[in-house]
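*Asks:* With the sequence up front, the predicted model follows.
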Amino acid sequence: MAGGDDSGASGGKSSESLNDLPMFNAENLQNNMKVILYCRTFLSIIGGVIAGILGFTGFTGCVFYFLVMAVTSVGLITKAKFSVPSYFDGWNRVIFDGFLSGLMSFVLFWTFAYDIVHIF
């Protein structure tokens, strides 16, 4: 993951107030958000296949999805070495952003794997 850009400070009294503000490189921030989206989508697909193979149905499968997304959030925070403000513009970006974006992929692969293993 790419970190923030601190190259904007140029010395002087006004630069001290600028150092208090977080500075981000837009390209790095955008890349980090793509990483979150790709991780969540990939783990939604893997989680859906696992839920289908294990035979989860109804509420159990939904709980499994939220568990997979929680583990994904913890993994992303660990990957950022718990210094989330250095890589993202807030904790909510890592924890909640894209949380429901992988839901359709999860349901698709969940039903597909369940049908292959338990019905056919």
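*Replies:* Yep, that arrived. Residues are numbered from 1 along each chain as shown.
*Asks:* Counting neighbours, which bits of whatever helix or strand residue 109 lives in end up buried?
*Replies:* Assigned by DSSP states H and E, residue 109 belongs to helix 103-114. Of the residues in helix 103-114, those buried by neighbour count under the rule 16 or more other CB atoms under 10 Å are 103, 105-107, 109-110, 113-114. The C-beta positions use only the backbone N, C-alpha and C, and glycine is treated the same way.
*Asks:* so where's the chain uncertain?
*Replies:* For the chain, applying pLDDT under 70 flags the ranges 1-22.
*Asks:* the helices in it, which residues?
*Replies:* Applying DSSP state H to the chain gives helices spanning 13-20, 26-54, 59-79, 84-87, 91-96, 103-114.
*Asks:* on that earlier part again, reformat the buried residues of helix 103-114 as CSV; add distance to residue 55.
*Replies:* CSV is the format used below for the buried residues of helix 103-114 (distance: CB to CB, whole Å):
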residue, distance to residue 55
103, 20
105, 19
106, 15
107, 15
109, 14
110, 10
113, 10
114, 7
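*Asks:* if we take these, which one ends up nearest to residue 90?
*Replies:* Nearest to residue 90 out of the buried residues of helix 103-114 is residue 103 (CB to CB; 22.2 Å).
*Asks:* among the helices of the chain, which is nearest residue 120?
*Replies:* It's helix 103-114; of these, that one is closest to residue 120 (CB to CB) at 10.2 Å.
*Asks:* and that closest one, how far out from the chain's middle?
*Replies:* 19 Å (CA atoms, centre = their mean, to the nearest Å).
*Asks:* so what does that helix touch, helix or strand wise?
*Replies:* For helix 103-114, the elements it packs on are helix 26-54, helix 59-79, judged by 3 or more CB pairs under 8 Å, 6 or more residues apart in numbering; DSSP states H and E.
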